[in-house]
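A.B. asks: Quick one, structure for this:
(one chain, ligands or ions: 1)
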Amino acid sequence: MTKKNIHITIQDLIEVVSSYITDEKEISQIESAYQFAAKMHFGVKRLTGEDYIEHPLQVAYILTEIKADSETLCAALLHDVLEDCDTSKEEIETLFGPTIANLVDGVTKINKLNFDGDNSATTIANHRKILVGLCEDVRVIIIKLADRLHNMRTLWVHPEEKQKEKAKETLDILTPIASRLGMNYMKSELEDLSLRYLKPDVYYSIVEELNQTKAERDNAVNEMVKRVSEILTENGVKHEIKGRAKSIYSIYKKLDKGKKFNEIYDLLALRVFVSTEQECYQALGLIHSKYRPIPKRFKDYIAMPKTNMYQSLHTTVFGFDGYLFEIQIRTYEMDEIAEHGIASHWSYKENGSTVAVMQNTMEQKLQFFRSIMELNSEEPNDEQFVKSVTEDVFKDTIYVYTPKGDVIELPAGSTPIDFAYKVHSGVGDKMVGAIVNNNIVPLDYQLQNQDIIKINTNKNAIGPSREWINIAKTAQAKNKIRSFFRKMDKDEYLKKGEDILSKELRKRKLSFNEFLSNENVVKILKELKYEDLSELYINLGNGKLPVGSVINIITEENDTKEDIILRKTQIKDVVLPTVKNDVIVEGIDEIKVNVASCCKPVPGDHIVGYITKGYGITVHQAICPNIQDLEERHIEVKWNSQISKRYPTNVLVRTLKNDNILLEIISKTSNNNISIQSINTFTHENDNTYELVVLVEDKDKLTKFISDVEQVSNVIEVQRFIK
Ligand code: MN
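C.D. replies: Numbering: from 1, shown residues only. Here you go, the predicted structure:
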């Protein structure tokens with residue numbers, strides 16, 4: 001166990017290191033790294049009052065718990081000298097070699113950015129650096145985690161504001177990384193410390209509750225350990241069992257989800273260690289035969305390891321005295337990986353290099369690593385990158401399975417579309433449907449933990465639907481769908497453009513090959529400032545470039561430059577956008593526009609656009625009372641004169657009682673090209689009221705209709721009305 005917050009010396013460090021590093025050269029290099037750092041930091045005190053060298057010593061000491069190699073330990077001892085002292089990367093390289101120098105430099109780069117972290121753009125660029133830094137040498141991040149752990153242990157010296165800032169950054173970026181790297185022992189302590197400074201009242205109330213119930217819980221756990229141990233021994237399974245304290249942060253997370261303290265049943269927890277995988281299942285069977293398990297709480301992470309390599313059997317049983325116990329069963333080797341994750345691979349070397357092994361393992365076994373790399377190559381914008389990583393990779397995740405049993409990690413709320421694209425873009429692009437746990441589901445189905453998902457593909461599928469961009473949850477899937485369309489649009493426009501040109505040439509009885517002679521092509525590209533013919537075709541295909549202007553470049557060679565410019569600007573005017581909406585919103589092309597159903601405006605009415613939350617723009621009559629007090633949401637709109645159709649609107653007719661009057665009213669519609677969509681009749685003592693919804697082309701026709709109806713005898717009044 002690491003000593004926490006106790007003064008340690010280089011002798012303490014060497015003693016621990018010697019237990020797993022035997023090479024004397026390596027040991028003496030660690031000593032000289034210490035001497036150099038001690039000299040550099042000499043006379044400097046930390047805020048805690050200790051000599052500064054205590055900090056790098058503690059960081060190295062923390063790393064011995066994961067049996068860090070000597071290069072990492074040297075770099076840990078030297079990690080602050082570049083930043084705080086009068087030395088250079090070159091000097092470190094001369095003294096300790098390039099690998100250690102690079103590690104120290106890597107940590108320094110991350111820290112430097114962190115220290116001016118009040119600028120949010122810097123913080124973001126900074127986070128990207130940390131995330132991407134994983135791909136170079138993961139040991140930089142591991143040193144950074146240990147550095148942060150020691151700083152968090154001594155965070156009490158700082159003012160509250162700084163404490164909260166550091167705690168938040170730790171939770172946002174560093175603990176998710178520790179978790180994804182499988183380094184639970186660091187993750188747990190970092191989380192608990194962060195909570196202590198971020199929400200001290202919650203933290204201490206949990207600590208107090210735990211203390212109050214400690215005697216009772218300890219007693220129950222001890223009894224249960226004894227009983228489980230007996231069963232295993234009786235059946236010849238060699239084992240060790242430990243009672244296990246849940247971390248304060250994990251309790252906080254459950255309380256935060258609305259659970260009561262006494263409902264968190266895995267407060268009582270045991271961990272059973274055995275030698276082989278087979279014994280894990282044997283132990284599980286023996287425990288289940290004696291204590292009733294809760295079926296939904298059983299998880300087999302041995303057959304289906306978590307994406308951070310974690311393996312274990314989890315079960316919850318009604319144990320001693322009716323208490324619920326969460327029991328984890330694993331081998332010693334699984335435990336090593338569960339606690340130290342990627343760092344449990346220190347001891348394997350490939351061509352003498354630890355880092356190669358670790359980087360390889362990361363690429364093969366850690367999905368988050370691949371996701372980060374993919375997002376890094378696709379997302380140039382820092383802010384978007386960090387947002388995507390935080391949402392796709394670090395937020396609440398679910399674990400789902402392929403039909404073959406491979407685990408896929410996705411953010412909560414993901415759909416079959418996200419799954420398909422996570423598996424392979426080829427699968428996503430050819431997807432035609434999804435089957436979850438043997439049931440066909442719609443593509444917007446929200447995947448649940450443990451779902452088994454089969455994606456149906458069809459090799460003839462044309463590709464994803466644009467709608468999927470809105471359904472997908474992950475930036476990864478959205479990016480891949482967008483890039484599919486970027487590519488497809490390009491291909492399609494290219495073909496279409498070539499087609500347009502060849503048709504137009506045929507029409508003008510010009511030969512395609514002659515027209516596109518080398519000489520002409522050079523002239524056309526130069527004139528239009530295009531790179532190549534593809535660019536020409538794409539612009540023809542997407543309608544940005546009228547085909548006539550291309551042909552004119554060659555056929556009207558005698559024109560002056562002014563003529564050409566003039567013609568271009570004229571052509572530009574002619575190309576009117578086809579607006580499909582009934583109503584045009586100035587400056588906005590692709591927005592949903594709806595005509596309001598309360599006041600039902602018709603062309604000719606004075607109208608106003610109203611920006612709704614989430615549903616585009618609704619067009620109201622300017623006089624509609626429903627929008628009067630929300631002027632900041634108004635936007636100027638006008639009717640699209642290119643569209644002629646009939647619009648529904650409300651007309652109210654009040655009449656004296658008369659049996660045939662409705663027929664007479666209806667007869668007036670035919671004069672005005674109006675039809676009636678619906679009629680509601682309200683009968684009163686002396687009069688009738690008819691609420692009509694009529695379809696009408698414009699306001700003039702409507703006014704004419706209203707005055708026609710007013711002429712009908714026994715009609716008292718006719719008016720439009722707003723609901
Ligand atoms: Mn430091």
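A.B. asks: The closest residue to residue 140 other than its chain neighbours: neighbouring residues, count only.
C.D. replies: Leaving aside its sequence neighbours, residue 140 sits nearest to residue 106 (CB to CB, 6 or more residues apart in numbering; 3.6 Å). For every residue, glycine as well, the C-beta is placed using N, CA and C. Neighbour count of residue 106, defined by other CB atoms under 10 Å: 21.
A.B. asks: repeat for residue 647
C.D. replies: 18.
A.B. asks: Around the ion, pick out the residues from the chain.
C.D. replies: Remark: the part of the chain in contact with the ion comprises 80, 147, using CB under 5 Å from the ion.
A.B. asks: Domain map for the chain?
C.D. replies: 10-198, 208-342, 396-473, 481-558, 578-644, 645-723 (automatic domain parsing).
A.B. asks: Show me where the stretch 151-300 of the chain has its helices.
C.D. replies: With DSSP state H, counting those that start in this stretch as the criterion, the stretch 151-300 of the chain has helices at 160-169, 175-180, 184-198, 200-234, 248-256, 277-290.
A.B. asks: And what about the closest residue to the ion within the chain, helix, strand or coil?
C.D. replies: Going by CB to the ion, the ion is nearest to residue 147 of the chain, at 4.2 Å. Here residue 147 is recorded as helix under DSSP: H, G, I helix; E, B strand; the rest coil.
A.B. asks: check contacts around it.
C.D. replies: Going by CB atoms under 8 Å, 6 or more residues apart in numbering, residue 147 touches 59, 76, 79, 107, 111.
A.B. asks: now with 6 Å?
C.D. replies: residue 59 (CB atoms under 6 Å, 6 or more residues apart in numbering).
A.B. asks: tell me the average confidence for stretch 65-75?
C.D. replies: Here stretch 65-75 scores 91 as its mean pLDDT.
A.B. asks: and residue 97, how many neighbours does it have?
C.D. replies: Counted with other CB under 10 Å, residue 97 comes out at 13.
A.B. asks: Of the helices of the stretch 151-300 of the chain, flag the one that's most buried.
C.D. replies: Stretch with highest mean neighbour count among the helices of the stretch 151-300 of the chain: helix 175-180 (a mean of 24; mean count of other CB atoms under 10 Å).
A.B. asks: Show residues contacting stretch 197-217.
C.D. replies: Contacts of stretch 197-217 (CB under 6 Å, 6+ apart): 155, 163-164, 167, 195-196, 248, 251, 261.
A.B. asks: can you list the domains of the chain in CSV and add distance to residue 379?
C.D. replies: Putting the domains of the chain into CSV (distance: least, CB to CB, whole Å) gives the following:
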stretch, distance to residue 379
domain 10-198, 9
domain 208-342, 21
domain 396-473, 15
domain 481-558, 11
domain 578-644, 23
domain 645-723, 43
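A.B. asks: Which one of the ones you listed lies nearest to residue 378?
C.D. replies: Nearest of the domains of the chain to residue 378, taken as CB to CB: domain 481-558 at 7.6 Å.
A.B. asks: Double-check that the residue nearest to residue 140 belongs to a helix.
C.D. replies: Yes: assessed by three-state DSSP, residue 106 belongs to a helix.
A.B. asks: So it sits against residue 139, correct?
C.D. replies: No: between residue 106 and residue 139 there is no contact under CB atoms under 6 Å: 8.3 Å.
A.B. asks: While we're on residue 612, how confident is the model there?
C.D. replies: 67.
A.B. asks: Hmm, I typed the wrong one, I wanted residue 473.
C.D. replies: 91.
A.B. asks: That one in helix, strand or coil?
C.D. replies: coil.
A.B. asks: picking that back up, could I get the helices of the stretch 151-300 of the chain in CSV, plus columns for mean pLDDT?
C.D. replies: Converted to CSV, those look like this (pLDDT from 0 to 100):
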stretch, mean pLDDT
helix 160-169, 91
helix 175-180, 86
helix 184-198, 93
helix 200-234, 91
helix 248-256, 88
helix 277-290, 92
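A.B. asks: Quick one: closest of those helices to residue 479.
C.D. replies: helix 175-180 (20.4 Å).
A.B. asks: and for that closest one, what are the contacting residues?
C.D. replies: Contacts for helix 175-180 (CB under 6 Å, 6+ apart): 145, 186-187, 190-191, 308, 368, 394.
A.B. asks: ok, now stretch 433-450?
C.D. replies: 398-400, 413-417, 451-456, 471.
A.B. asks: Report the buried residues of it.
C.D. replies: Along stretch 433-450, these residues count as buried under the neighbour rule (16 or more other CB atoms under 10 Å): 434, 436, 441, 443, 445, 447.
A.B. asks: Filter the residues you listed down to the ones in strands?
C.D. replies: Members of those lying in strands (criterion: DSSP state E): 434, 436, 441.
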